[in-house]
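In: this is a predicted model, with the sequence first.
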Amino acid sequence: MRASDFDFQLPEELIAQEPLPDRSASRLLHLERDTGKLEDRKFVDFPSLLRPTDVLVVNNSRVFPARLFGYRSGLHAQPLSPRNPASRDFLHGQVEALLLRQVGLLEWEALVRPGRKIGVGEKIWFGENHELEAEVVARAEFGERTLRFKSVPDFFGLVERLGHVPLPPYIARPDRVEDSERYQTVYARIEARGSAAAPTAGLHFTPQILGQIRDRGIEIAEITLHVGLGTFQPLHVENVEEHKMHRESFSVSEAAAERIRLAREKGHRIVAVGTTTVRTLEHAARQALNGTIRPGSGEADVFIYPGFRFQVVGALLTNFHLAQSTLLMLVSAFAGRENTLRAYRYAVQERYRFFSYGDCMFIE
């Protein structure tokens, strides 16, 4: 199976650059897996598409301003002649770091730019007064760096003040104050802070929509997966089966595990909000001897592409994803590749809005 098997043509103007004024005003494309039938709906119809016995599972991870701008100390840069006019900028130029995953008490896996110029041992300062200091202590397979931060009394407090909302690169504008609220689900929990990107299928929900779902007697279970490189890492190989997923931290509470277990025992449907929820549930099920999801935490690295056997998820709400991405492959595994690509071609034809701030699909 080749990455090019998951390609489609997308006009650039269909990439949503701004969120809609009303979260729930997005369009929803309804796809029936068995028949391939497509139907244009609105997201406000979503509660009525659910069954009273469904359990809706959401990812409550909170996005934090994981994009930091700083300056390199220049301690381990290659020396340049002081007469070279570029020497000052080269040695002490601006650095961008995207914090992806906490791997130790003071250590974070990060994407650093300009990566080729920053080696192990280099120190980076963040903030006008060097409020945060990090040392590059390791380099990983795809160029990620491990940053070890100098201890401070309130690390997250400083990051909240110094950092920027990590909007994806296809949103061609700087982040704004309002993005800190709109690039966040309404059910994100402060204690579940840790995502470097939003679980975007959840961005459409409002408290009113959630209230309508609960009023129908539908249970909502919350799990946590901190979105990082595993979610948005591009394929570096043409042969899909050779791709290795990056690990992302997850946790499943006792309450969520029990709700899901009871629903499955009764033959009720598990509806996942977003691909991150799907990967968490299916990874957790694969780790259990009998497929029963248990409470606990770990790191999910399951790669879902066509041929995958789903054990838990029976329906999926998802946004539209990039061509040749692992997210599109996951959707294709669930809905069928031909169904999925036909739905994407239809969405392009009907001028749906794509990607993070765009419209959504409900697949059942």
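Out: Perfect, thanks for sending it. No experiment lies behind these values; they were computed from the predicted model shown.

In: so the spatially most central residue of the chain, which state does it fall into?
Out: The centroid of the chain falls nearest to Val227 when counting by C-alpha atoms, centre = their mean (4.1 Å). Put simply, Val227 is coil when judged by DSSP: H, G, I helix; E, B strand; the rest coil.

In: who's in contact with it?
Out: Asn59, Ser61, Val63, Ser195, Ala196, Ala197, Ala198, Pro199, Glu248, Thr276 (C-beta atoms under 8 Å, 6 or more residues apart in numbering). (C-beta placed from N, C-alpha, C; glycine too.)

In: would you agree the first one is in contact with Thr280?
Out: Yes - contact criterion C-beta atoms under 8 Å: Asn59 and Thr280 qualify, at 7.0 Å.

In: where do the contact lists of these two overlap?
Out: Ile223, Thr224, Leu225.

In: can you tell me the average pLDDT over the helix or strand hosting the second one?
Out: Counting by DSSP states H and E, the secondary-structure element that holds Thr224 is strand 219-225. Over the span of strand 219-225, the pLDDT mean works out to 98.

In: residues contacting the helix or strand containing Ala272, please?
Out: For Ala272, the enclosing helix or strand under DSSP H and E is strand 270-273. Strand 270-273 is contacted from outside by 50, 54-59, 199, 201-202, 205, 260, 263-264, 278, 281, 312-317, 364, using C-beta under 8 Å, 6+ apart.

In: figure out the helix or strand that Glu338 lives in.
Out: Per DSSP H and E: helix 337-349 holds Glu338.

In: show me what the helix or strand just after that helix is in contact with.
Out: For helix 337-349, the following helix or strand on the C-terminal side (DSSP H and E) is strand 360-363. Here strand 360-363 makes contact (C-beta under 8 Å, 6+ apart) with 26-31, 33, 41, 43, 46, 49, 201, 204, 315-320, 331, 334-335, 343, 347.

In: what about those residues, which are in helices?
Out: Phe46, Leu49, Val331, Phe334, Ala335, Ala343, Ala347 (DSSP state H).

In: which one of those sits in the busiest neighbourhood?
Out: Within the ones in helices among the contacts of strand 360-363, neighbour counts (other C-beta atoms under 10 Å) peak at Val331, which reaches 29 neighbours.

In: next, find the distance separating that residue from Gly194.
Out: According to C-beta to C-beta, to the nearest Å, Val331 and Gly194 sit 24 Å apart.
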